[in-house]
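Q: Pasted the sequence and its predicted model underneath.
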Amino acid sequence: MVSAALPATSAQAHSPFARQGLSAVSKLRAAMTADVVKDLERLQDRVAMVSVARVYEAPLLANLLQAALEGDHLQISYESRRTRSERLIYPYGVYTGLGFWYCACFDYRNNRHASLRADRILSMERVEGLEPPTALTIQEWLKRPQAEGPTMPLHATLTPRGMTTIDWSAFGGALTLNGSGEGDIDTDIPATSLGYYSRIFLQLGGEANITSPPELIDLLCIQARALLATYGRN
């Protein structure tokens, strides 16, 4: 199954594993018997990985992963939706969600952990002589408490269909699956990130039911009314 999974992983847009994945697949295939290779090829004809299609460039993605492997601090130029800024970060690794690659890092500029879109990192330079923050694997980073600074309690339930649609990486261990296939979210979120979470829940429509915070519910209502106005509906 490894040789079947690697091509799918490396085939994702701007995957940092593209070259390594192809090399590993070639070596694995060379070590397998003809019958095993044939069975895997038949399996590949019946299994596919489908993700959100995105068109973007992330030329520094592999460099970010390499910096995380080597424990390097980075001085980066980052272009957010509003402005461009210079930041000092310590990358823990990279992960993919909703069709984009993200750098999981500690952001010294804001003194907090952050997910930075890899395609928005315009330049990077290694910085020597700094002590790294607490060591975390990418899995530990994703499971850490999501909120830092002022927070709001987020409580929501998801239908079974919603559980197949939602981006789990946005909630880490706070998203749980119950015995009926429905999901529960019980966590604290940054008060400054309501826009980010509203976009996630807006895509889910009626497959999610938020009970708190009321500020998030109000923002979703505003966005829904704006969508209706766009299409001329009352």
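A: Received it, and whenever you're ready, just let me know what you need.
Q: Please spell out which residues along the helix or strand encompassing Leu88 are buried.
A: If you go by DSSP states H and E, Leu88 is part of strand 84-97. Judged by neighbour count using 16 or more other Cβ atoms under 10 Å, the buried positions of strand 84-97 are 87, 89-96. To be clear about C-beta, it is placed using only N, CA and C from the backbone, and glycine gets the same treatment.
Q: Same check on stretch 39-47?
A: For stretch 39-47, by 16+ other Cβ under 10 Å, it's Leu40.
Q: Now that stretch: average pLDDT?
A: Averaged over stretch 39-47, pLDDT sits at 74.
Q: same question, stretch 111-118
A: Averaged over stretch 111-118, pLDDT sits at 88.
Q: Contacts for it next, please.
A: Here stretch 111-118 makes contact (Cβ atoms under 8 Å, 6 or more residues apart in numbering) with 14, 58, 60-61, 64, 76, 78, 89, 94, 100-107, 141, 144, 148-149.
Q: Pull that stretch out as CSV, backbone CA atoms only.
A: Output of stretch 111-118 as CSV, limited to C-alpha atoms (Å, rounded to 0.1, in the frame of the first residue of the first chain):
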residue,chain,number,x,y,z
ASN,A,111,4.5,35.7,19.9
ARG,A,112,2.3,32.8,19.1
HIS,A,113,1.9,29.6,17.0
ALA,A,114,0.6,30.3,13.5
SER,A,115,-0.4,28.5,10.3
LEU,A,116,1.1,30.4,7.4
ARG,A,117,0.0,29.7,3.8
ALA,A,118,3.1,28.4,2.0
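Q: in the chain, which spans are helices?
A: Along the chain, counting by DSSP state H, helices occupy 2-10, 18-31, 34-44, 61-70, 138-143, 160-165, 194-204, 214-230.
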